[in-house]
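Novice: Everything below, folded, please.
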Amino acid sequence: IEESKGSVIAFTDDDCIVEPEWINALWREFVANPDVAILGGRVDLYSPDDDKPVTIRPLAERVRYTDATQIYGLIIGCNLAVRPDAVARIGEFDPALGGSKGVVADDIEFVYRAFKQGLGVLFTPAPRVFHNHGRRTDADLLALGKNYVRGKGAFFCKYLLKGDSII
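Specialist: Predicted coordinates:
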């Protein structure tokens with residue numbers, strides 16, 4: 001984020017394959033929606049015959065965030081873009097909620113902060129990535145699930161301790 005110079009900062013994961021028009025699709029959405037600060041897009045499995053259907057968002061509908069209940073279930077970090085002025089307003093990702101600590105919620109919490117500040121947040125299927133995550137066994141899902149539960153718990157604790165009544 002600190003090194004970025006463009007008018008949009010886009011994120012994906014190292015195990016994702018973006019569609020050739022991914023950047024253009026992100027850009028078109030931001031141009032068409034000048035009030036949107038953060039947007040996320042569709043995430044499909046790269047290997048549907050091998051990988052378990054997790055960490056995907058195969059949604060075909062556009063959804064503008066209107067309440068906090070939408071925070072979980074739509075935008076995820078492997079297909080997320082933000083305007084730099086939004087980052088200046090809400091701050092960067094919270095490293096305490098990043099995946100390296102067995103807690104996965106930094107992307108969700110980042111989007112939540114933007115939503116809470118009244119910034120426009122949009123999910124759209126146009127910018128699409130394929131997640132090649134390699135999770136193929138029940139043990140893989142169990143390990144991932146534990147990290148997500150820890151992340152969700154950390155996210156809720158962070159805001160409940162602040163007296164946040166929206167969540």
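Novice: Show the contacting residues for the nearest residue to Ala60 once chain neighbours are set aside.
Specialist: The shortest distance from Ala60 to any non-neighbouring residue, by Cβ to Cβ, 6 or more residues apart in numbering, is to Pro125 (5.2 Å). For glycine as for every other residue, the C-beta is placed from the backbone atoms N, C-alpha and C. With contact taken as Cβ atoms under 8 Å, 6 or more residues apart in numbering, Pro125 is in contact with Gly41, Arg42, Leu59, Ala60, Glu61, Arg62.
Novice: Just among those, which is most surrounded?
Specialist: Gly41 (29 neighbours; other Cβ atoms under 10 Å).
Novice: Please, which helix or strand holds the residue nearest to Ala60?
Specialist: In the assignment (DSSP states H and E), Pro125 maps to strand 120-131.
Novice: Give me the mean pLDDT for that strand.
Specialist: Averaged over strand 120-131, pLDDT sits at 98.
Novice: what about the strands in the protein?
Specialist: 9-12, 16-18, 36-45, 63-64, 79-82, 120-131 (DSSP state E).
Novice: what lines up beside the shortest one in the sheet?
Specialist: Taking DSSP bridges as the criterion, strand 63-64 sits next to strand 120-131 (antiparallel) in its sheet.
Novice: longest helix of the protein?
Specialist: When the chain is scanned for its longest helix (criterion: DSSP state H), the result is helix 138-161.
Novice: Next, count neighbours for Asp15.
Specialist: 15.
Novice: From His131, how far out is it?
Specialist: Applying Cβ to Cβ, to the nearest Å, the value for Asp15 to His131 is 7 Å.
Novice: residues of stretch 30-39 that come out buried?
Specialist: If you call a residue buried by 16 or more other Cβ atoms under 10 Å, then stretch 30-39 has these buried ones: Phe30, Val36, Ala37, Ile38, Leu39.
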